[in-house]
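K.L.:
What follows is a protein structure lacking sequence information:
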């Protein structure tokens, strides 16, 4: 078997592996697989394994140095804090008594929220917001 075909088979294998893994590698295997297929095809077309090997090395290095950064930047997802996340670990004041299994109310930044706790908390006591479930704050 011609060595150029081995490069093509390795490239196809890398692409299939990427698809089976569900893009866990950030498309690196897919893109390197494409490089191997292109280089193997070029080597077959020119009947030169040396050309295929050199093009594989050059294209892979170019991808690793330049292309990978570009691909990662395009695939990254910017996360922004939501309004709900902004509440965590903030202080609120109880305005209606809270008991286990009996929600009360707290005031946070001028707004009154439904609140639950696993202990009894009396009005005017300051509490810390631990989590949010729907429109109910879990406090302690």
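P.N.:
Great, that's in hand. Source: prediction; values computed, not measured.
K.L.:
Let's verify residue 129: helix, strand, or coil?
P.N.:
Following DSSP: H, G, I helix; E, B strand; the rest coil, we place residue 129 in the strand state.
K.L.:
now residue 44
P.N.:
Criterion first, three-state DSSP; result for residue 44: helix.
K.L.:
which residues does it contact?
P.N.:
For residue 44, the contact set (C-beta atoms under 8 Å, 6 or more residues apart in numbering) comprises 2, 4, 5, 8, 52. No exception for glycine: its C-beta is placed from N, CA and C like everyone else's.
K.L.:
of all the residues you listed, which comes closest to residue 107?
P.N.:
Taking C-beta to C-beta as the measure, residue 107 lies nearest residue 8 of the contacts of residue 44, at 67.9 Å.
K.L.:
List the contacts of the closest one.
P.N.:
36, 37, 40, 41, 44.
K.L.:
Surely it is in a strand?
P.N.:
No: secondary structure of residue 8 (three-state DSSP): helix, not part of a strand.
K.L.:
Spatially nearest residue to residue 91 (excluding sequence neighbours)?
P.N.:
residue 126 (5.4 Å; C-beta to C-beta, 6 or more residues apart in numbering).
K.L.:
how about the residue sitting furthest away from the middle of the chain, phi and psi?
P.N.:
No residue in the chain sits farther from the centre than residue 47, which is 43.0 Å out by C-alpha atoms, centre = their mean. With angles defined as degrees, to the nearest 10, residue 47 sits at phi 60, psi 50.
K.L.:
From residue 37, how far out is it?
P.N.:
17 Å (C-beta to C-beta, to the nearest Å).
K.L.:
domains of the protein?
P.N.:
In terms of domains, the chain is parsed into 3-75, 83-139 (source: automatic domain parsing).
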